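**Q** here are the coordinates; sequence isn't available:
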């Protein structure tokens, strides 16, 4: 299920300073679907892919909240943001087991950056993109 999920959930292309989002991330899925999948898929690469997509989903919902006064969008944002916080906590726990004691403690993007980077993603203006798409 999740391979199909990622294949059709979001396709991102990086072209210098532009990101093109071709589809809404996690369309048709709810945060509990991701939690259930992560219960069985606990490798770093699975957490990274989930974090990338969930972060982008919350960002899109945040912009929708700014544009519309819709309680359903507010509710969806709250649920997706809760999942994002859970993923950040997972990442912090993994980073805490590293020998490196120079972990950043403020700013979600900065806190998770070493984890995301070692798994092939880099932050570009708030969007996590694959490092290999930069070339």
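**A** Ah, there it is. Quick caveat, the model's predicted, so the values are computed rather than measured.
**Q** Longest helix in the protein, please.
**A** helix 71-96 (DSSP state H).
**Q** packing partners for that helix?
**A** Using 3 or more C-beta pairs under 8 Å, 6 or more residues apart in numbering; DSSP states H and E, the elements in contact with helix 71-96 are helix 31-40, helix 44-67, helix 108-118. In short, each C-beta sits where N, CA and C put it, glycine included.
**Q** For it, buried residues please.
**A** For helix 71-96, a neighbour-count test (16 or more other C-beta atoms under 10 Å) marks 73, 76-77, 80-81, 83-84, 86-88, 90-91, 95 as buried.
**Q** Quick check: the closest residue to residue 87 other than its chain neighbours vs residue 99, distance?
**A** Distances taken as C-beta to C-beta, 6 or more residues apart in numbering put residue 51 closest to residue 87, at 4.7 Å, once the chain neighbours are dropped. Separation of residue 51 from residue 99 (C-beta to C-beta, to the nearest Å): 22 Å.
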